[in-house]
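The sequence and its predicted three-dimensional model are supplied below.
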Amino acid sequence: QVQLVESGGGMVQAGGSLRLSCAASGRSVSGYAMGWFRQASGEEREFVAAMSWSGGSTHYADAVKGRFTISRDNAKNTVYLQMNSLKPADTAVYFCAAANTGWGAATPGGKDEYDYWGQGTQVTVSS
C-alpha cells in the first residue's frame, strides 16, 4: 500500500506562485508514474500533470502548460508541483496520485489509470 500526503496549498493572489509537495509512504513509488489532478467545486476531477517514474517524461494539461512544472525526488519519495502565474481558474483542491506503470515511461492522464490517491490540498487564487 502507498499513502500519499499533499501539502503546500493555500491562498494566493493572481499572478503569484505556490509549490505543492506530495510525500509517499508505505512503500517506494520509484517504479510509479506520479500525477497531479485538481477538482474545482462542482466540477469533475481533471488531469493537471504527470511524470514518469524516472522523471524522463512529462505530460501537462493544456491549461497549465508553461506555468506549472512537475518534478520528483525518488530518494525522498516526493513529487512536487511548482505553480507560477496562477489564475483564479486554478482554484481547486489538488490531488496527487501514483500509477504502477511497471517501470515504464508512461505518463497517464486518466483518473482510472492511477492506483493510489492523496486526500488533497486546497489552492485558492484571488483576483
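Great, that's in hand. Numbers count the residues shown, from 1 in each chain.

Residue nearest the middle of the chain, spatially speaking?
Trp36 (2.1 Å; Cα atoms, centre = their mean).

Tell me the spacing between the closest residue to Ala63 other than its chain neighbours and Ala14.
Distance criterion Cβ to Cβ, 6 or more residues apart in numbering; nearest residue to Ala63, sequence neighbours excluded, is Ala89 at 7.5 Å. Just so you know, the C-beta spots here come from the backbone N, C-alpha and C atoms, and that holds for glycine as well. According to Cβ to Cβ, to the nearest Å, Ala89 and Ala14 sit 10 Å apart.

export stretch 82-101 as CSV, just CAs?
These are the backbone C-alpha positions of stretch 82-101, laid out as CSV (Å, rounded to 0.1, in the frame of the first residue of the first chain):
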residue,chain,number,x,y,z
GLN,A,82,5.5,24.3,-9.0
MET,A,83,2.7,26.6,-10.0
ASN,A,84,3.5,30.0,-11.4
SER,A,85,1.4,32.8,-12.9
LEU,A,86,-1.6,31.5,-11.0
LYS,A,87,-5.1,32.4,-12.2
PRO,A,88,-8.5,32.4,-10.4
ALA,A,89,-9.4,29.5,-12.7
ASP,A,90,-6.7,27.4,-11.0
THR,A,91,-8.7,27.5,-7.7
ALA,A,92,-9.3,23.8,-6.8
VAL,A,93,-8.4,21.0,-4.5
TYR,A,94,-5.2,19.5,-5.8
PHE,A,95,-4.6,15.7,-5.5
CYS,A,96,-1.5,13.7,-6.2
ALA,A,97,-1.7,10.2,-7.4
ALA,A,98,0.5,7.2,-8.1
ALA,A,99,0.2,4.8,-11.0
ASN,A,100,2.0,1.5,-11.2
THR,A,101,3.4,1.6,-14.8
